[in-house]
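1. Structure, please.
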Amino acid sequence: MHYRLPPLPAVRAFEAAARLGGFQAAGEELHVSAGAVAHQVKQLEAWLGVPLFQRLARGVVLTGAGRQYAQALRPLLNGLAEVSEAARRQGDERVVTVTSVPSLVSRWLLPRLGRLRERHPEIDMRLLASLHPVDFLNEGVDVAIRLGTGPYPGLKADVLMEEWFSAVCSPAFKAAAPDLKEPADLLRYPLLHDELEPRIPDEILWPRWLQHFGVRYAGSNRPSFSHTYLTLEAAATGQGVAIAAEPFIEEDLRSGRLVRLLPHRMRGPYRFHLLRLPEAEARPAVKAFCDWVMEEARGSEAEGVAGATV
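-> Numbers count the residues shown, from 1 in each chain. Below you'll find the predicted structure:
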């Protein structure tokens, strides 16, 4: 059977322009110039023999034919993406692509990959560190670990870990502060601050953490750092006390680079979720990874609970 199809790059450019409302935005998404999008749309209009956009002084708007064409295209392109991804994965059954925030990748997932290889030598891991929302089909992602509150429509979502914040310091710092017994005692010592941008709504920083334990903290000119890993590095070298979510400090606690200064800990407003498409676990490698990472998370939370005060 011979298919008389329009030029597919032009179809993709038109769909992006119709969805985003203009050539400039479509160009940014497709990583080409607005002029290149406009040229491809003209090619498609010539092939179809009908105008799809009305060109105005301040932009473009879809014609009636353009709206109908865009509405019909979207399910077709989604279907093409799905069947193409399914075909691609048939030759790649061993690879499991996982994405998570950089801090969790470096401080929690990476130290555990040896145990995954021992348990499942058949899995080839592809690990991506990213913060942006996940497009599972177009990015070829099997599993995402994200911090949030949910729900996640259209995805299978399991709570992986709670986010608990503890005060930590170096062993030498703790030894030099034997009178530090309660959260209020922290006000006599240097508190190391995160200054994250863009800020996370309701994130746990020193004022909220201390207030949770009944301590009023007005703030002062104390050391601050742009990233959590810098704050924790400063704490490990004895420069003061940091607070951080326990998944990020677990390996440092285990190795002894950091110690809990107090048993007090506070639960954050978010949880780490294990996200995947509903059909993803039909692949044995993805199912094995999900089962393994859930088991690892249960072990982490059991360690964190021991001796804690909330």
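2. chain center to the helix or strand bottoming out on mean pLDDT in the chain, what's the gap?
-> None of the helices or strands of the chain scores lower by mean pLDDT, DSSP states H and E than helix 136-139, at a mean of 79. Relative to its chain's centre, helix 136-139 lies at 14 Å (CA atoms, centre = their mean, to the nearest Å).
3. For the following helix or strand past that helix, name the packing helices and strands.
-> Next along the chain after helix 136-139, taking DSSP states H and E as the criterion, comes strand 143-148. For strand 143-148, the contact count by 3 or more CB pairs under 8 Å, 6 or more residues apart in numbering; DSSP states H and E identifies strand 95-100, strand 259-276, helix 284-305 as packing neighbours. Backbone N, C-alpha and C define where each C-beta goes, glycine included.
4. Apply 6 Å and report the result again.
-> Helices and strands touching strand 143-148, by 3 or more CB pairs under 6 Å, 6 or more residues apart in numbering; DSSP states H and E, are strand 95-100, strand 259-276.
5. Next, the buried residues of the least confident helix or strand of the chain.
-> Neighbour counts using 16 or more other CB atoms under 10 Å place residue 136 of helix 136-139 among the buried residues.
6. Low-confidence regions, the protein specifically.
-> Within the chain, the stretches with pLDDT under 70 are 1-2, 85-92, 196-200, 220-221, 302-310.
7. all helices of it, in order?
-> For the chain, the helices defined by DSSP state H cover 8-20, 23-30, 34-48, 64-90, 102-104, 113-119, 136-139, 171-175, 206-212, 228-236, 246-255, 284-305.
8. Identify whichever of the helices and strands packed on strand 143-148 lies nearest to residue 167.
-> Judged by CB to CB, the one of those that comes nearest to residue 167 is strand 259-276, at 4.7 Å.
9. tell me the angle that closest one makes with helix 284-305.
-> With axes from the mean of the first three to the mean of the last three CA atoms, to 10 degrees as the basis, strand 259-276 and helix 284-305 are set at 150 degrees to each other.
10. what angle separates strand 259-276 from helix 246-255?
-> Strand 259-276 and helix 246-255 meet at an angle of 130 degrees, taking the same axes, to 10 degrees as the criterion.
11. re the thing from before, looking at the helices and strands packed on strand 143-148, which is buried most?
-> Counting by mean count of other CB atoms under 10 Å, strand 95-100 has the highest mean neighbour count of those, with a mean of 21.
12. Report the distance from that one to the chain centre.
-> 12 Å.
13. what's that strand in contact with?
-> When contacts are defined by CB atoms under 6 Å, 6 or more residues apart in numbering, strand 95-100 is touched by residues 123-128, 130, 140-145, 285-286, 289.
14. Going through those residues, which ones are buried?
-> Neighbour counting by 16+ other CB under 10 Å classes 123, 125, 141-145, 285-286, 289 among the contacts of strand 95-100 as buried.
15. Looking at the residues you listed, which is nearest residue 101?
-> For residue 101, the nearest member of those is residue 145. The distance, counting by CB to CB, is 7.5 Å.
16. How about the closest residue to the closest one other than its chain neighbours: which residues does it bridge to?
-> In space, not counting the residues next to it along the chain, residue 145 is nearest to residue 100; the distance is 3.9 Å by CB to CB, 6 or more residues apart in numbering. On DSSP bridges, the residues paired with residue 100 through beta bridges are residue 129, residue 145.
17. mind checking how far residue 100 is from residue 94?
-> Using CB to CB, to the nearest Å, we find residue 100 at a distance of 20 Å from residue 94.
18. repeat for residue 223
-> Residue 223 is 46 Å from residue 94, where distance means CB to CB.
19. what's the answer for residue 33, then?
-> Computed with CB to CB, the distance linking residue 33 and residue 94 is 39 Å.
20. now do residue 82
-> Distance from residue 82 to residue 94, counting by CB to CB: 21 Å.
21. just to revisit the earlier point, mind giving me the packing neighbours of the least confident helix or strand of the chain?
-> In terms of contacts (3+ CB pairs under 6 Å, 6+ apart), helix 136-139 is packed against no helix or strand at all.
22. Using PDB, write out the CA atom coordinates for that helix.
-> Output for helix 136-139, consisting of C-alpha atoms alone and laid out as PDB, is shown next (Å, rounded to 0.1, in the frame of the first residue of the first chain):
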ATOM      1  CA  PHE A 136       8.100   9.400  29.800                       C
ATOM      2  CA  LEU A 137       7.500   8.600  26.200                       C
ATOM      3  CA  ASN A 138       9.500  11.300  24.400                       C
ATOM      4  CA  GLU A 139      12.500  11.000  26.900                       C
END
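23. Can you give the domain ranges for the protein?
-> Under the assignment automatic domain parsing, the domains of the chain span 8-90, 95-155+276-302, 163-271.
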